[in-house]
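> Have a look at this fold, sequence not included:
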């Protein structure tokens, strides 16, 4: 048995040796039969040659016998003429017999020559077959050498496969360990999630109790305002009555008794002081209740929520500038949206170049650029604390950047199509809302980086914003419709709280105003509208002849 190397396994050597033996037998067995036939033909040729020699010898003997017979015939002719005819006949018969035997012998000889020629042809064909067998044997030897080379390559590949399998086994063990660690981490996260659910439910219960307290306070304040308004009216009537009585008493005759006048005057002064103090006490509340009932209510809510009490100036109409004061090339391909920092002096822009950029309005210079989105950035918004900026991309993602470092804090995924708009809560720096081309609204927890709620829309949203208190989501749609979504009470439903079509074409942008119950809208119908939540309609309309409108 041949050796394939010390590195090759024994069973592989036996298998290759069996294959080589099988190949050798299959290649040499046909030629063994040919060689055996060739040897048989050679043996028959030798036998035929011996037989031809014997026949030649017999023919020579017959010729000698014929010559002897001819000699005897001549002698007989000379010696015995009398019995010539009989002997001649006898010799003729013998001659004919000899001639017939000679003819048969010649015929056998010709047959033997023909057989010899056929054997020669067979020998030639066998020689040719032997030459072909030799060439085939050479080819077989070449194939065997190729098989040996292939065997060496297979042995090398086998060693490499063994090493790869060892590495794969080690990697599989590492992955199993990582899977076990991930399952343990998943169990821990699940437990944390359950604890968070319990905490959130507890917080929701507390928030509900707090809202009930606020509602009760609101009702009590409204009742107090109405009562104080009635008291202020009664005090005003009493003050007028006392004034008329005092003037009439001054115009009366001087013949009345001085003591009665002094007592009446003292009584009137006492009543006047009482009415004046009541009117001064009730007039601010009555004026607030009569002038604007919502001022007292919203001031109490702000005090309850810990916000500063600030008087809100009414929305003043300003004339739009006829030309820009300065032009800045912010984005390559076009700018899609912008957002102001409130409070602050920065503005963020986004565009088709897949970036978000911030600009300083006081210095009119570029501040920073934020990268990370794979498609165009459709909208941008600052959080209420101005520490983060959120960009909505056409690649179905939202990115949250740290405005100080420029690093990506969270990648918000969940939309099945491009995200068209985003808005952050004015009060909660950890809350944002987005709308996408998949007709889905999503509320995001920016602290943990995942969606807390999803609302499906029947209409395509094109703009959205959150109310100043963060409890209402307002969306503008492609057909000019405005929808209000209550984020506190309508948690299980998917229908808007109110739906009003206020524009004739698509709404481009929504922006809250300084009034807590008013909203500024812009549409493709070249109109800016001041929209009132209480009336569910526009209270002021401004027509602007521009190609497109956007308000912030």
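Noted; the coordinates are in hand. Just so it is clear, the model here is predicted, and its values are computed rather than measured. Numbers count the residues shown, from 1 in each chain.
> Packing partners of whatever helix or strand residue 34 lives in?
Counting by DSSP states H and E, the element that carries residue 34 is helix 10-79. With contacts defined as 3 or more CB pairs under 8 Å, 6 or more residues apart in numbering; DSSP states H and E, helix 10-79 has these neighbours: helix 84-251. Yep, even glycine has a C-beta here, placed from its N, CA and C like the rest.
> Just the mean pLDDT for the helix it packs on, thanks.
Across helix 84-251, pLDDT averages out at 83.
> Tell me how far stretch 187-198 lies from the chain's centre.
Relative to its chain's centre, stretch 187-198 lies at 28 Å (CA atoms, centre = their mean, to the nearest Å).
> So what touches it?
Under the criterion CB atoms under 8 Å, 6 or more residues apart in numbering, not a single residue lies in contact with stretch 187-198.
> mind checking the SS state of residue 448?
Assigned by DSSP: H, G, I helix; E, B strand; the rest coil, the conformation of residue 448 is coil.
> what about it, distance to residue 116?
As judged by CB to CB, to the nearest Å, residue 448 and residue 116 stand 107 Å apart.
> Looking at those two, which is more packed in?
residue 116 (15 against 10; other CB atoms under 10 Å).
> how about the nearest residue to that one, chain neighbours excluded?
Sequence neighbours aside, residue 48 is the residue nearest to residue 116 in space, at 6.0 Å (criterion: CB to CB, 6 or more residues apart in numbering).
> In contact with the one you found, which residues are there?
112, 115, 116, 119.
> how deep is the second one tucked in, by neighbour count?
The one in question is residue 115. Going by other CB under 10 Å, the residues that sit close to residue 115 add up to 14.
> Can you tell me the closest non-neighbouring residue to it?
Nearest one to residue 115, counting by CB to CB, 6+ apart, is residue 48 at 6.1 Å.
> Turn the contacts of residue 48 into TSV, columns for distance to residue 175.
Shown next, in TSV, are the contacts of residue 48 (distance: CB to CB, whole Å):
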residue	distance to residue 175
112	87
115	82
116	83
119	77
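> Torsion angles phi and psi at the most far-flung residue of the chain relative to its centre?
Ranked by distance from the centre of the chain (CA atoms, centre = their mean), the top residue is residue 82, with 136.1 Å. Main-chain dihedrals, residue 82, degrees, to the nearest 10: phi -70, psi -50.
> For residue 91, see how far away it is.
As judged by CB to CB, residue 82 and residue 91 stand 15 Å apart.
> ok, now residue 163?
103 Å.
> Kindly report the same for residue 355.
Residue 355 sits 137 Å away from residue 91, going by CB to CB.
> Residue 368: neighbouring residues, count only.
Counted with other CB under 10 Å, residues neighbouring residue 368 total 16.
> Likewise for residue 463?
Neighbour tally, residue 463, other CB under 10 Å: 27.
> The one 4 residues further on too?
Here the count is done by other CB under 10 Å, and residue 467 has 20 residues near it.
> And residue 482, by the same measure?
25.
> Now the helix or strand that contains it: buried residues?
Assigned by DSSP H and E, residue 482 falls within strand 481-486. For strand 481-486, a neighbour-count test (16 or more other CB atoms under 10 Å) marks 481, 482, 483, 484, 485 as buried.
> Quickly list what the last one is bridged to.
Spelled out, it's residue 485. residue 473 (DSSP bridges).
> now stretch 481-493: mean pLDDT?
The average pLDDT within stretch 481-493 is 74.
> Next: stretch 404-415.
Stretch 404-415 shows a mean pLDDT of 91.
> Contacts for it next, please.
Contact with stretch 404-415 is made by 368-370, 372, 387-388, 396-402, 434, 436-438, 440, 442, 444, 446, 449-451, 454, as judged by CB under 8 Å, 6+ apart.
> Quick check: the gap between residue 364 and residue 420.
Computed as CB to CB, the residue 364 to residue 420 distance reads 29 Å.
> wait, I meant residue 43
From residue 43 to residue 420 the distance is 102 Å (CB to CB).
> for residue 485, same thing?
Distance of residue 485 to residue 420, computed by CB to CB: 16 Å.
> any idea which of the buried residues of strand 481-486 is the one closest to residue 24?
residue 485 (86.9 Å; CB to CB).
> now the end-to-end length of stretch 332-343.
One end of stretch 332-343 to the other measures 28 Å (CA to CA, to the nearest Å).
> circling back to that earlier point, please pick the buried ones from the contacts of stretch 404-415.
368, 370, 372, 388, 396-401, 434, 436-438, 440, 442, 444, 446, 451.
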